[in-house]
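Engineer: Need a 3D model of the sequence below.
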Amino acid sequence: MFIPSIELSQSVSSYLPKEHYIIIKPDSQEEFIEYVIEHKHQLDCLILEWSPQWQSLVNKLQQNLVSIPTLIIISDEQCPVVQPSLTEPSENYILSSTEVQLKGQQIHLIQGYIDKAISQFITHAVTTRLTDESSSVDTPTELTNFIVRQQRRLMDKLHERLGYLGVYYKRNPKNFLRNLSKADRQKLLEQLKSQYRQIVLSYFANDKNLNNKIDEYVNTAFFGDIPVTRIVEIHMDLMDNFSKQLKLEGRSEDVLLDYRLTLIDTLAHLCEMYRRSIPRESWGE
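Structural biologist: Residues are numbered from 1 along each chain as shown. Modelled structure (predicted):
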């Protein structure tokens with residue numbers, strides 16, 4: 001973990017219990033790079049605070065064929081302007097296309113996001129994204145082999161620790177909707193409504209980030225212990241608003257029936273999240 005902001009670093013550590021996590025916190029960027037390069041075969045995940053002065057860090061990791069699940073934390077005060085040189089292959093990413101980004105206000109969800117970063121790294125076809133920029137013929141093969149070994153090691157480790165790949169197994173009851181203050185409860189519901197609206201608007205469009213939007217929404221719902229009835233209510237309220245708008249425009253509202261698929265898809269993701277949260281020994285025969 002390399003998080004220069006002391007307060008943010010302490011906050012992250014407080015949500016990662018010592019019985020489940022071993023955290024290494026180098027004091028400087030140079031020490032962080034040196035440690036990661038030396039132990040790249042043993043590290044499960046990198047946690048980094050976003051910084052606009054990352055060029056040298058990224059270059060060093062890439063030069064040393066470092067490919068590790070990565071969680072980028074973007075503090076609430078920061079609004080990153082990602083430079084193209086840091087964004088192979090997509091401008092939506094900072095280090096790699098398998099990284100996961102977490103906003104500072106969502107730190108309490110960090111355990112789930114770490115599992116997501118590892119799961120995404122394991123299941124994603126990262127070997128198909130290796131660039132052709134290197135002049136060395138052997139470099140892609142070496143990096144590919146390293147990634148495959150990393151994927152296999154992390155998969156075995158997750159199976160051993162969690163019983164199932166990518167499970168989000170631990171939640172904090174203090175963050176459940178029913179246990180929040182009135183103001184925080186309203187804030188969480190508004191966040192869910194906003195996230196779901198973005199999913200609906202993107203669902204039948206060619207949006208490459210649709211799955212990420214659904215994952216983020218489901219992640220929020222899961223860790224907030226949001227009742228399914230509330231999720232259905234959010235869907236129905238949104239459809240009702242769209243229906244009123246379509247009527248004002250003199251258009252048919254039949255198209256809204258198609259968005260039942262959006263609700264089904266979202267609930268399916270949530271069900272899978274709950275299924276993964278149940279220890280394997282509780283599944284039965």
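Engineer: name the helices or strands packed onto the one helix or strand Leu189 maps to?
Structural biologist: Using DSSP states H and E, Leu189 falls within helix 182-203. Helix 182-203 is packed against helix 210-223, helix 228-248, helix 260-277, with contacts defined by 3 or more C-beta pairs under 8 Å, 6 or more residues apart in numbering; DSSP states H and E. C-beta: built from backbone N, CA, C; applies to glycine.
Engineer: Show me the one of these that comes nearest Arg178.
Structural biologist: Across these, the minimum distance to Arg178, taken as C-beta to C-beta, is reached by helix 228-248, at 10.5 Å.
Engineer: The closest one: which residues count as buried?
Structural biologist: Ile231, Ile234, His235, Leu238, Met239, Phe242 (16 or more other C-beta atoms under 10 Å).
Engineer: rewinding a little: so for Asp44, which of the helices and strands packed on helix 182-203 sits nearest?
Structural biologist: Using C-beta to C-beta, the nearest of the helices and strands packed on helix 182-203 to Asp44 is helix 260-277, at 17.7 Å.
Engineer: ok, back up a step: can you lay out the helices and strands packed on helix 182-203 as CSV showing mean pLDDT and distance to Ile107?
Structural biologist: Listed next are those as CSV, based on pLDDT from 0 to 100; distance: least, C-beta to C-beta, whole Å:
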stretch, mean pLDDT, distance to Ile107
helix 210-223, 85, 12
helix 228-248, 93, 24
helix 260-277, 83, 19
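Engineer: can you tell which of the ones you listed is closest to Tyr203?
Structural biologist: Nearest to Tyr203, of the helices and strands packed on helix 182-203 and by C-beta to C-beta, is helix 260-277 at 4.7 Å.
Engineer: From the chain's centroid, how far away is the closest one?
Structural biologist: 16 Å (C-alpha atoms, centre = their mean, to the nearest Å).
Engineer: how about the helices in the stretch 51-200 of the chain?
Structural biologist: 55-63, 110-123, 138-162, 182-203 (DSSP state H, counting those that start in this stretch).
Engineer: what residue ranges in this structure are flagged as low confidence?
Structural biologist: Counting by pLDDT under 70, the chain contains low-confidence ranges at 76-97, 122-171, 276-285.
Engineer: Now do the same contact list for the one residue sitting closest to the centre of it.
Structural biologist: Geometric centre of the chain, nearest residue: Val100, 4.1 Å, by C-alpha atoms, centre = their mean. In this structure, Val100 makes contact with Pro69, Thr70, Leu71, Ile72, Tyr113, Lys116, Ala117, Gln120, judged by C-beta atoms under 8 Å, 6 or more residues apart in numbering.
Engineer: Closest one to Lys213 out of those, please.
Structural biologist: Lys116 (13.4 Å).
Engineer: how many neighbours does that closest one have?
Structural biologist: Residues contacting Lys116 under the criterion other C-beta atoms under 10 Å number 21.
Engineer: same check, this time on Glu216
Structural biologist: 23.
Engineer: Would you mind confirming that it is in contact with Ser194?
Structural biologist: No - the pair Glu216 and Ser194 fails to qualify as a contact (C-beta atoms under 8 Å) at a distance of 11.0 Å.
Engineer: bridging residues for the residue nearest to the centre of the chain?
Structural biologist: With DSSP bridges applied, Val100 shows beta-bridge pairing to Leu71.
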